[in-house]
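Novice: Build me a structure from this.
(one chain, ligands or ions: 1)
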Amino acid sequence: MPSTIDVSPADSFLVTPRTAVYVDSAASAEVEAIGDYAANMIASRSGAKSQRLAGGAAPDSSITLTLDPSLATLGDEGYDLTITRTRVRIASAAPAGLFHGVQTFRQLLPVAVEHPSAYQRRLIAPAVHVADSPRFAWRGAMLDVARHFLGPDDVKHFIDVMALYKLNRLHLHLSDDQGWRIEIKSWPKLTEVGGQTEIGGGAGGFYTQAQYADIVAYARSRYITVVPEIDMPGHINAALVAYPDLRCNHTAPEPFTRIGGASNTLCVTNDSIYQFVGDVVREIAAAAPTPYFHIGGDEVRSLTKEQYRGFIERVESIVTAAGPRMIGWGEIAPANIHPSTIVQHWNKDSTVLQAERGGKVILSPGPHAYMDMKYDSTTALGLKWAGFINLKTAYDWDPATLIPGIGEQSVLGVEGPLWAETVMTRQDYEYLAFPRLTAIAELGWSSARHHDWENFRRRIGAQGTRLAALGVNFARVPGVDWSW
Ligand code: TNX
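Specialist: Just a heads-up that it's a prediction; the model follows:
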């Protein structure tokens, strides 16, 4: 829900065959690409282009995208959208805001906008003025492509749906006990061996570095930053099968293809494993520029506290030297990590320690944000260790008050992880992610003063036909009127 919205009830803007999208005459290629995206959205065929506005005012029936430095108070992602009878104007201090403004305009158009070739496609939007900016900088989803692999096209489809809800981070869990999913040229067996397994004995799979870079670029064009995760020092059995010397006993463990975790870890007391960690971090960061690198760090049971903390601190210096900002799950917080490192809360963990250091945290609380939990006892897919999570439970919490000692200032944002022990296909992912991911998106974007379950419950019903139009297999959860 936007920060402010003023509706002029008597007026509306109608898209006609003459409606054109304009960008400023001096617009950058980046802004022009957003213009083309908007032109495609309203056109009844693909390949439509935006035009450059050569001086003077925009003509009637125009949609203009303008960078306006005076809107800097709304931040890079904020935007100002004005729809009148004759014109649509989207303005922002930065391209990201223009893109989000286009998404709001899209949401104001009828569902037919999702069907470019629909026979009857009367695109009409109410006249409004919206001034809007996000509450949190980090609004994420996580795909666990390690437990069951998901191909690049399915990931891109997920990215497209994320964009509709102004989500801006896609965390990819690229390795785990059951599989290794990204090509590392200096350690080829990671994918030759570790990439061939997954839960249940299926064929697994992996992304080549070129495919990974393509996903990152695709996400970038939707103003979504991909966050690569390589889970270590535990949850790494697939790599140990490929390279037994990474273990202290130098013997290959059995492949692990069940639900649950193997107890094996990297041999953190052996200097040579830091060469491995460095190679992996540097190759992934070189394959596609990344501002963040997630090192996992969760659920390690077989190391001493000192061994674990020493490992995290050493890996932090490796990641930081390679460029990215490090992220780790809540367990890393007791190590002596830098305040710029980001800690991701998931369970009863020590994340608060990072807030006490003046650092930032991402909130993915298991009992609210875990999209791999069942909705209720009748849900066929999913796990239930963190409880059933219906739409209300996913929505009805406040990131700024959830954890004592972690206030608004410490919260970088929210993220919904979709662990994939039980999910195998795109349809499975979608069923668990939607509509709950819209609740995470709303918590990330909308101000706390707009937080209202009854209001959200009524509004979200309208997303059903839109998600259906996009081919998303969302769960028709009870308590919501999906018949709009
Ligand atoms: C805990 S969340 C895990 C994952 C599992 C997930 C299943 C976290 C950091 N570790 O390895 O997939 O539960 O819900």
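
Novice: and the nearest residue to Asp481 once chain neighbours are set aside, what does it touch?
Specialist: What sits nearest to Asp481 in space, not counting adjacent residues and going by Cβ to Cβ, 6 or more residues apart in numbering, is Gly461, at 4.3 Å. Bear in mind the C-beta positions are built from the backbone N, C-alpha and C, glycine included. With contacts defined as Cβ atoms under 8 Å, 6 or more residues apart in numbering, the neighbours of Gly461 are Val480, Asp481, Trp482, Ser483, Trp484.

Novice: Out of those, the closest to His157 would be?
Specialist: His157 has its nearest neighbour among those in Trp482, at 20.9 Å by Cβ to Cβ.

Novice: So that closest one, which state does it fall into?
Specialist: The local conformation at Trp482, judged by DSSP: H, G, I helix; E, B strand; the rest coil, is coil.

Novice: Which secondary structure element is home to the residue nearest to it when sequence neighbours are not counted?
Specialist: The spatial neighbour of Trp482 that comes closest, neighbours along the chain excluded (Cβ to Cβ, 6+ apart), is Gly464 at 3.7 Å. Using DSSP states H and E, the element containing Gly464 is helix 463-469.

Novice: Can you pull the residues of the stretch 201-350 of the chain lying near the ligand?
Specialist: When proximity is defined by Cβ under 6 Å from any ligand atom, the stretch 201-350 of the chain lies next to the ligand at Asp298, Glu299, Trp329, Trp346.

Novice: which two in those residues are spaced the farthest apart?
Specialist: Largest separation among those by Cβ to Cβ: Glu299 and Trp346, giving 9.9 Å.

Novice: what about the two, which has more around it?
Specialist: Trp346 (21 against 14; other Cβ atoms under 10 Å).

Novice: gap between the more buried one and Ile403?
Specialist: According to Cβ to Cβ, to the nearest Å, Trp346 stands 12 Å off from Ile403.

Novice: what's across from the residue most central in space within the chain in the sheet?
Specialist: Nearest to the geometric centre of the chain sits Leu170, at 2.9 Å (Cα atoms, centre = their mean). For Leu170, the beta-bridge partners under DSSP bridges are Ala141, Val226.

Novice: if I pick it, what's in contact with it?
Specialist: Applying Cβ under 8 Å, 6+ apart to Leu170 gives the contacts 140-143, 155, 158-159, 162, 219, 224-227.

Novice: can you put the residues you listed in JSON lines and add neighbour count, distance to Ala127 and pLDDT?
Specialist: Rendered in JSON lines, the data for these read as follows (neighbours: other Cβ atoms under 10 Å; distance: Cβ to Cβ, whole Å; pLDDT from 0 to 100):
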{"residue": "Gly140", "neighbour count": "28", "distance to Ala127": "33", "pLDDT": "99"}
{"residue": "Ala141", "neighbour count": "29", "distance to Ala127": "33", "pLDDT": "99"}
{"residue": "Met142", "neighbour count": "25", "distance to Ala127": "38", "pLDDT": "99"}
{"residue": "Leu143", "neighbour count": "23", "distance to Ala127": "38", "pLDDT": "98"}
{"residue": "Val155", "neighbour count": "23", "distance to Ala127": "37", "pLDDT": "98"}
{"residue": "Phe158", "neighbour count": "24", "distance to Ala127": "33", "pLDDT": "98"}
{"residue": "Ile159", "neighbour count": "21", "distance to Ala127": "31", "pLDDT": "98"}
{"residue": "Met162", "neighbour count": "23", "distance to Ala127": "28", "pLDDT": "98"}
{"residue": "Ala219", "neighbour count": "25", "distance to Ala127": "33", "pLDDT": "98"}
{"residue": "Ile224", "neighbour count": "25", "distance to Ala127": "30", "pLDDT": "99"}
{"residue": "Thr225", "neighbour count": "17", "distance to Ala127": "34", "pLDDT": "99"}
{"residue": "Val226", "neighbour count": "22", "distance to Ala127": "37", "pLDDT": "99"}
{"residue": "Val227", "neighbour count": "26", "distance to Ala127": "39", "pLDDT": "99"}
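
Novice: Nearest to the ligand among these?
Specialist: Nearest to the ligand out of the contacts of Leu170 is Met142 (Cβ to the nearest ligand atom; 9.2 Å).

Novice: doesn't His171 make contact with that closest one?
Specialist: Yes: A contact is recorded between Met142 and His171 when judged using Cβ atoms under 8 Å, the distance being 3.9 Å.

Novice: any shared contact partners between those two?
Specialist: Between them, Met142 and His171 have Glu229, Glu415, Pro417 as joint contacts when contacts are counted by Cβ under 8 Å, 6+ apart.

Novice: Let me have these in JSON lines, adding pLDDT and secondary structure as columns.
Specialist: Rendered in JSON lines, the data for the shared contacts of Met142 and His171 read as follows (pLDDT from 0 to 100; DSSP: H, G, I helix; E, B strand; the rest coil):
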{"residue": "Glu229", "pLDDT": "99", "secondary structure": "strand"}
{"residue": "Glu415", "pLDDT": "99", "secondary structure": "strand"}
{"residue": "Pro417", "pLDDT": "98", "secondary structure": "strand"}
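
Novice: Just the closest of these to His100, please.
Specialist: Among these, and counting by Cβ to Cβ, the member closest to His100 is Glu415, at 18.1 Å.

Novice: Chain neighbours aside, what residue packs nearest to that closest one?
Specialist: Of all residues beyond its chain neighbours, the one nearest Glu415 is Gly140 (3.5 Å), with distances taken as Cβ to Cβ, 6+ apart.

Novice: Need the nearest residue in space to Trp419, chain neighbours excluded.
Specialist: Once its chain neighbours are removed from consideration, Trp419 has its nearest residue in Asp372; the separation is 4.0 Å (Cβ to Cβ, 6+ apart).
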